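Student: all I have is the shape, not the residue letters:
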């Protein structure tokens with residue numbers, strides 16, 4: 001091994017493997033990060049060498065840091081030349097199925113998928129902090145809505161435990177794997193511990209850590225960037241959520257689920273999409289019917305809409321097929337170059353593009369998925385997206401890095417199995433409302449006719465999804481008029497929250513509301529239902545009603561009329577101290593409510609003008 005002169009004095013001051021890596025990197029064009037080694041203390045040299053070694057280990061499946069540098073140089077050269085990675089691919093309409101809530105087709109697919117719910121493992125890609133939203137902790141610690149203030153992580157675990165109880169064979173616990181980052185790991189573990197895993201067994205939860213990320217790149221020569229304030233540290237950036245596949249392989253999570261737990265399907269979902277599971281049975285039904293290895297949940301997409309599109313591609317040289325996400329700004333020119341002179345246009349029959357919008361919720365058939373992990377180590381193709389200062393593309397506006405995406409898994413599926421990749425398309429109001437933007441950014445997006453993606457809209461859409469389900473079975477649910485908070489327009493109510501133990505998907509609602517035409521909910525109402533053995537036969541609600549009864553009791557609501565002042569949103573000032581309120585622009589004012597719950601082994605209710613307790617004479621307690 002050639003030892004650079006500048007590094008010779010450091011050889012005896014650090015572990016051999018650390019020093020050898022430094023020498024290797026020096027000779028691979030990274031000499032600049034060692035420029036001050038002849039003047040900085042040994043402690044700082046050791047710290048840099050240690051970090052480089054850790055980054056090398058984390059990227060070991062991709063060839064370590066030498067492999068990262070090699071791949072970066074190639075991708076950066078292609079970017080500078082303007083090479084089109086899709087040049088040899090011709091787009092075709094992808095294989096999949098589209099559904100509308102309340103139709104026979106939806107019900108049929110859902111019924112098929114409900115039979116698969118007891119064999120699903122869940123993977124939460126939760127690497128994000130809430131700083132962008134004005135929240136000082138992890139995003140999965142945010143409340144989904146303010147009526148119950150159920151945190152996202154609690155909400156997801158509630159769902160998993162509910163379908164486990166309803167659909168899993170006796171003795172099978174449905175597993176949850178959470179991918180964290182260095183930024184979120186400790187807070188995620190703490191959130192679980194403090195809340196006793198929200199009722200889930202500790203053994204059901206696996207946490208995999210994404211690590212430090214990858215070195216930031218300063219130029220087309222893939223030179224690493226040192227922190228200006230600390231020359232003993234390389235600047236790192238996230239490598240992307242595509243790392244989840246490699247982590248599931250390295251930690252043998254998917255393999256264990258398949259071989260030891262009888263899990264047949266795996267659902268990947270992201271941190272703050274509260275509508276994630278309403279349509280999971282439909283996805284499973286489509287996957288089962290079409291024998292899909294990978295099924296992407298998609299939403300109807302208008303032509304040229306700024307969302308990635310699920311697209312089937314055919315390689316014009318090899319004949320190979322691939323169904324994959326294509327970014328919207330690539331799809332239209334790709335279509336035009338392939339002979340579709342009008343590019344991306346709406347279908348006259350549906351009014352939408354034939355290429356649906358990808359929302360990054362994925363279902364995998366675990367047997368095939370594990371086999372592919374063994375063959376590929378779960379490594380996803382990388383890409384680079386530098387922003388250039390000059391026309392010659394030699395100077396970056398800011399450091400870049402290599403990234404990978406979890407939805408690019410079809411690129412590692414063999415040609416003979418590539419036909420087994422498809423999509424399930426359902427209206428966004430039932431499956432997609434992520435909370436990812438600050439209020440000010442959401443105002444701009446909403447002004448352009450795009451979903452705001454804020455805490456306020458996420459909450460409003462949470463209530464709306466439940467309303468849509470109730471309306472689809474025939475309940476009389478009146479929509480409130482829009483209101484605006486901090487510039488964000490939302491439909492404030494009625495606020496409906498249905499716990500998954502009561503009903504976890506639309507297909508379960510009809511049994512819970514056997515005479516839906518006798519259920520009426522006014523625009524100003526709030527309805528919260530918790531308890532697996534509650535049936536609502538007839539209800540006239542104009543106010544707030546909370547039904548919260550334990551699993552061993554059966555409650556049937558008959559001819560119940562509730563009218564009270566209820567709960568309402570109240571606008572708050574910008575100086576509001578509580579982050580979860582400030583980011584919404586309102587707080588919940590709880591004036592009056594009727595409550596049906598267990599008290600001293602008897603189901604009772606509280607309500608009336610003065611909020612007094614009374615026996616539930618209008619309810620048949622079975």
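Tutor: Noted; the coordinates are in hand. If you're wondering where the values come from, they're calculated on a predicted model, not measured in any experiment.
Student: tell me which residue is most central in this protein.
Tutor: residue 270 (1.3 Å; CA atoms, centre = their mean).
Student: so what's that residue up against?
Tutor: 124-126, 241, 276, 360-361, 434 (CB atoms under 8 Å, 6 or more residues apart in numbering). Backbone N, C-alpha and C define where each C-beta goes, glycine included.
Student: do you know the pLDDT at it?
Tutor: Residue 270 carries a pLDDT value of 92.
Student: also residue 606?
Tutor: pLDDT at residue 606 comes out at 44.
Student: also the one 3 residues further on?
Tutor: According to the prediction, residue 609 has pLDDT 35.
Student: again with residue 349
Tutor: pLDDT at residue 349 comes out at 89.
Student: so it belongs to a helix, correct?
Tutor: No: secondary structure assignment (DSSP: H, G, I helix; E, B strand; the rest coil) places residue 349 in coil, not in a helix.
Student: min pLDDT across the contacts of residue 270, which one?
Tutor: residue 126 (80).
Student: just checking, that one touches residue 178?
Tutor: Yes: contact criterion CB atoms under 8 Å: residue 126 and residue 178 qualify, at 5.4 Å.
Student: now do the contacts for the closest residue in space to residue 13 that isn't next to it in sequence.
Tutor: In this structure, residue 13 finds its nearest non-sequential neighbour in residue 42, 4.7 Å apart by CB to CB, 6 or more residues apart in numbering. For residue 42, the contact set (CB under 8 Å, 6+ apart) comprises 10, 13-14.
Student: rewinding a little: pairing partners for the residue nearest to the centre of the chain in the sheet, please.
Tutor: Beta-bridge partners recorded for residue 270 (DSSP bridges): residue 125.
Student: list residues touching both of residue 126 and residue 178?
Tutor: What both residue 126 and residue 178 touch, as defined by CB under 8 Å, 6+ apart, is the set residue 188.
Student: for the strand ranked longest in the chain, packing partners?
Tutor: Secondary structure of the chain per DSSP state E: the longest strand is strand 357-365. Judged by 3 or more CB pairs under 8 Å, 6 or more residues apart in numbering; DSSP states H and E, the packing partners of strand 357-365 are strand 265-270, helix 280-290, strand 294-299, strand 309-315, helix 428-431.
Student: residues in contact with that strand?
Tutor: 241, 264-270, 273, 276, 280, 283-284, 287, 291-301, 305, 307-310, 325, 406-407, 409, 423, 428, 431-432.
Student: relative to residue 362, how far out is the residue nearest to the centre of the chain?
Tutor: Residue 270 sits at a distance of 10 Å from residue 362 (criterion: CB to CB, to the nearest Å).
Student: cool, and residue 210?
Tutor: 18 Å.
Student: who's more crowded, those two?
Tutor: residue 210 (24 against 21; other CB atoms under 10 Å).
Student: tell me the contacts of the nearest residue to that one once chain neighbours are set aside?
Tutor: Among residues not flanking residue 210 along the chain, residue 181 sits closest, at 4.6 Å (CB to CB, 6+ apart). Counting by CB under 8 Å, 6+ apart, residue 181 makes contact with 127-128, 209-211, 213, 238.
Student: next: residue 115.
Tutor: residue 167.
Student: going by neighbour count, list what's buried in stretch 541-548.
Tutor: Within stretch 541-548, the residues that count as buried by 16 or more other CB atoms under 10 Å are 541-547.
Student: helix, strand, or coil at the nearest residue to residue 195 once chain neighbours are set aside?
Tutor: Spatial nearest neighbour of residue 195, chain neighbours left out: residue 154 (6.9 Å); criterion: CB to CB, 6+ apart. Recorded secondary structure, residue 154: helix (three-state DSSP).
Student: gap between residue 154 and residue 191?
Tutor: 9 Å.
Student: whichever helix or strand residue 105 is part of vs strand 265-270, what angle?
Tutor: When elements are defined using DSSP states H and E, residue 105 is found to belong to helix 104-114. Orientation check (axes from the mean of the first three to the mean of the last three CA atoms, to 10 degrees): helix 104-114 against strand 265-270 gives 110 degrees.
Student: what mean pLDDT does helix 104-114 have?
Tutor: Helix 104-114 comes out at a mean pLDDT of 98.
Student: that one: how far from the chain's middle?
Tutor: With CA atoms, centre = their mean, to the nearest Å as the basis, helix 104-114 stands 23 Å off its chain's centre.
Student: what of stretch 471-484?
Tutor: So, by CA atoms, centre = their mean, the centroid of stretch 471-484 is 27 Å from its chain's centroid.
Student: check stretch 555-574 too.
Tutor: Per CA atoms, centre = their mean, the centroid offset for stretch 555-574 relative to its chain is 31 Å.
Student: between the two ends of that stretch, how far is it?
Tutor: 44 Å (CA to CA, to the nearest Å).
Student: pull out the buried residues from it.
Tutor: 555, 557, 560, 562, 564, 566-569, 572.
Student: and the gap between the residue nearest to residue 195 and residue 400?
Tutor: Taking CB to CB, one finds residue 154 at 37 Å from residue 400.
Student: more crowded one of those two?
Tutor: The residue with more neighbours, out of residue 154 and residue 400, is residue 400; 24 against 21, by other CB under 10 Å.
Student: ok, now which ones touch residue 284?
Tutor: Residue 284 touches 112-114, 116-117, 120, 265, 363, counting by CB under 8 Å, 6+ apart.
Student: I'd like the residues you listed as JSON lines, with distance to residue 87 appended.
Tutor: Shown next, in JSON lines, are the contacts of residue 284 (distance: CB to CB, whole Å):
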{"residue": "112", "distance to residue 87": "40"}
{"residue": "113", "distance to residue 87": "38"}
{"residue": "114", "distance to residue 87": "43"}
{"residue": "116", "distance to residue 87": "39"}
{"residue": "117", "distance to residue 87": "42"}
{"residue": "120", "distance to residue 87": "38"}
{"residue": "265", "distance to residue 87": "35"}
{"residue": "363", "distance to residue 87": "31"}
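Student: now neighbour count and distance to residue 92 too, for those residues, in JSON lines please.
Tutor: Shown next, in JSON lines, are the contacts of residue 284 (neighbours: other CB atoms under 10 Å; distance: CB to CB, whole Å):
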{"residue": "112", "neighbour count": "17", "distance to residue 92": "26"}
{"residue": "113", "neighbour count": "26", "distance to residue 92": "26"}
{"residue": "114", "neighbour count": "21", "distance to residue 92": "32"}
{"residue": "116", "neighbour count": "19", "distance to residue 92": "28"}
{"residue": "117", "neighbour count": "22", "distance to residue 92": "32"}
{"residue": "120", "neighbour count": "25", "distance to residue 92": "30"}
{"residue": "265", "neighbour count": "25", "distance to residue 92": "27"}
{"residue": "363", "neighbour count": "26", "distance to residue 92": "22"}
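Student: read off the pLDDT value for residue 95.
Tutor: 87.
Student: to clarify, my last question referred to residue 339.
Tutor: 89.
Student: in a strand, it, correct?
Tutor: No: assigned with three-state DSSP, residue 339 falls outside any strand and is coil.
Student: can you get me a residue count around it?
Tutor: For residue 339, using other CB under 10 Å, the count is 7.
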